[in-house]
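Q: This is a predicted model, with the sequence first.
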Amino acid sequence: MTADAERSILSRLDRRRPGVRIALVAVRALVFAALAVLCVGPLFWLFKAATSTTTETLSDPFTLWPSGIHWNTFAEVWTKVDFARYFVNTLWLMTGSLFFGLLVATTGGYGLAVLKPRYAKAVFAALLATLFIPGVISLVSLYLTVMDMPLVHVNLLGTLWAVWLPASANAVNVLLMQRFFAAIPADLFEAARIDGAGPFRVFVSLVLPMSRPILGVVSLLTLVGAYKEFLWPLLVLPNPQDQPISVALPRLETAVDFAQFMGALFISVIIPVVLFLVFQRQFLRAAGNSGALKG
Amino acid sequence: MHEAVPSRRSRGLISWVRRGGLSTLVFFLPVLLSFGLFSWWPILRSLPLSVQRTNFLTTDWVGLDNFTRVLADPLLLTATLNTLWFALLALVFGFPVPVILAVFIAELRRTRGLASALVYLPVIFPPVVAVLLWKAFFDPSPTGVLNTILGWAGLGPLSWLNDGDLAMISIVLQATWASFGTATIIYLATLMGVQTELYDAAETDGAIALRRFWHVTLPQMRGVLLVMMLLQLIGTFQVFTEPYIMTNGGPEDRTVTILMLIYRYAFVSGDYGRATALSLLLAIALSGLSWIYLWATKRWSTS
């Protein structure tokens, strides 16, 4: 690799100039100061507000813990506010969404990329079409569909099925899988077929084990999506006892003490933040890739 | 041996099964069921639903009545103007910042990874949590978070969400905070793929950094910038969660958006036909926007 193989607007030569060096130090300081205030600041303040008393935060929002850190807020949130229930609901919601999402994306991607029957082209086109149709068009009719399922006339409202199943119809995930499976060398499939492996065998013991990276990306996208969703679970889970965290939080705002509410917000955000810190690389790669997919 | 000769069609079926047609279909079942029931069918069903009035017991065909009632709603104009105002503000606040930030971060060497992680932190906030936290920041009392900061500069206090002129601006501030990380990371990924030979050439010609950005970086980012702008527009036209939680459309309907109107028609008044009619109108407008946009960019990029 040459020195210029990885250059940006500034070259190596530029970086040696004293003026450029000073400017770079200034830019770095500026960027990090801004990011500290804008990105870390709110999270830190939320933690501070959760562990201070309500009157402290409301009368003087920027004084750090005048009466010490009140860790007990989190315990109160967990037990008194019934947060544990919403947390369990959220876990169920995410687990089911992951299961059905992966089921549809992997089998569909395999069918489109490897099995390729004659109708694959039509299915592919119909999947692509959903990407170009704004989601708002089917909000109401999807609600009516879930309320009275075609043919079987079952009402899914108030059950987690009403969240799990519609979430599984995610064209981006199917296409990501399809693209990855299509890049597996055809010789491997040929060899497996000569060994007498049927399509199911090839799928389970060849395709899936080779696809860990993309399975990781799709799982991450699905889990994050399920955790963030607000409007749809609000519509289909009207009973407060069944609701996930995201739907329950706005109701808590007026129902509980301010410090406890901040505690509930902090718990809700710290779970994905910890996951992000652990899987940082995967998160950022998925975000950058989504640009490549769109671009 | 006198075996019955199978008809042509069933022979075709048997050989289809032998060649693995059935097991292939089994693999397609999840995708067909999932999209059939929860994507394709609801989209198609929107069309008849928009010309019907239904209360689950009876369904009447009412022609264009739903559309007439949508257009006759005085709130429609308010909601459209509010949504356009939101889109414009979101573009002004939210479009330049990630570009500049990405260019700066791309120049950092050892600290680039840390900066990307920090930039992405607000995106990790679940939207509801971010909205509720900012709602607390917008506390209109003089000791509210943002009012305290303004107070340090001798400004304020402002009423934020309670002030008709300021409510939408406040919502856009929050929305921009929540989304600038995604755009920055996407631009950063694009910047890492910029052809570096052109920088070398520009440098040899004596172009300073700003000129290199203008003449080399920006043209290569044009495609992704245009797509991001389109996606942002389509997203902002469907804004709901932020105004719903922060103001529920107030004060004096100054933050009612089109999607909030659809929500109210369908899930507050139970008027599904009218809600679907408005959804269709919005979807047509959005598709029209995409077409105009794609047409314009095609012309622009070839000229």
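A: On my side now, so go ahead.
Q: Tell me, please, where in the chain the pLDDT is lower than the cut-off.
A: Reading this off chain A. Low-confidence segments of chain A (pLDDT under 70): A:1-6, A:289-295.
Q: wait, chain B
A: Using pLDDT under 70, chain B drops low at B:1-9, B:299-303.
Q: at 90 what do you get?
A: B:1-23, B:53-63, B:94-95, B:106-113, B:155-157, B:189-235, B:238, B:250, B:287-303 (pLDDT under 90).
Q: Find the residue at the geometric middle of it.
A: In chain B, the C-alpha nearest the mean C-alpha coordinate belongs to B:Gly235, at 1.9 Å (CA atoms, centre = their mean).
Q: what's the helix or strand for residue 177?
A: By default, I'm working from chain A. Assigned by DSSP states H and E, A:Met177 belongs to helix A:171-182.
Q: was after chain B, sorry
A: helix B:167-192.
Q: Is chain A within reach of that helix?
A: Yes: for helix B:167-192, a contact with chain A is found by CB under 8 Å from any CB of the partner chain, at B:Trp177, B:Gly181, B:Thr182, B:Ile185, B:Ile186, B:Tyr187, B:Leu188, B:Ala189, B:Thr190, B:Leu191. C-beta: built from backbone N, CA, C; applies to glycine.
Q: possible to save the residues you listed as CSV with neighbour count?
A: What follows is the residues of helix B:167-192 next to chain A, written out as CSV (neighbours: other CB atoms under 10 Å in any protein chain shown):
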residue, neighbour count
B:Trp177, 21
B:Gly181, 26
B:Thr182, 21
B:Ile185, 27
B:Ile186, 25
B:Tyr187, 24
B:Leu188, 23
B:Ala189, 21
B:Thr190, 22
B:Leu191, 20
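Q: So which of the residues you listed is the closest to A:Tyr119?
A: B:Ile186 (34.6 Å; CB to CB).
Q: quick one: that closest one and B:Gly206, what's the gap?
A: Separation of B:Ile186 from B:Gly206 (CB to CB, to the nearest Å): 32 Å.
Q: For chain A, tell me whether the helix or strand that the helix holding B:Trp177 is followed by is touching it.
A: Downstream of helix B:167-192, the next assigned helix or strand under DSSP H and E is helix B:196-204. Yes: for helix B:196-204 and chain A, the contact criterion (CB under 8 Å from any CB) is met by B:Thr196, B:Tyr199, B:Asp200, B:Glu203.
Q: Most neighbours among these, which one?
A: In terms of neighbours by other CB atoms under 10 Å in any protein chain shown, the residues of helix B:196-204 next to chain A top out with B:Tyr199 at 22 neighbours.
Q: which residues touch it?
A: A:Arg7, A:Ser8, A:Ile9, A:Ser11, B:Arg212, B:Val216 (CB atoms under 8 Å, 6 or more residues apart in numbering or on different chains).
Q: pretty sure the third one is touching B:Ala209, no?
A: Yes: under the criterion of CB atoms under 8 Å, A:Ile9 makes contact with B:Ala209 at 5.5 Å.
Q: Same drill for those two, tell me which one is more crowded.
A: Shown here are A:Ile9 and B:Ala209; by other CB under 10 Å, A:Ile9 has more neighbours (23 against 20).
Q: ok, that one - contacts?
A: Shown in contact with A:Ile9 (CB under 8 Å, 6+ apart): B:Val103, B:Ala106, B:Glu107, B:Tyr199, B:Ala209, B:Arg212, B:Phe213, B:Val216, B:Thr217.
Q: Most widely separated two among those?
A: Farthest apart among the contacts of A:Ile9 - using CB to CB - are B:Glu107 and B:Val216, which lie 13.9 Å from each other.
Q: Need the residues that contact stretch B:282-297.
A: Here stretch B:282-297 has contacts from A:132-134, A:136-137, B:226, B:230, B:233-234, B:237-238, B:258-259, B:262, using CB under 8 Å, 6+ apart.
Q: quick one: which of the residues you listed is nearest A:Met262?
A: Looking across these and measuring by CB to CB, the closest to A:Met262 is B:Leu259, at 28.5 Å.
Q: so A:Pro66 sits in a helix?
A: No: A:Pro66 is assigned coil when assessed by DSSP: H, G, I helix; E, B strand; the rest coil, not a helix.
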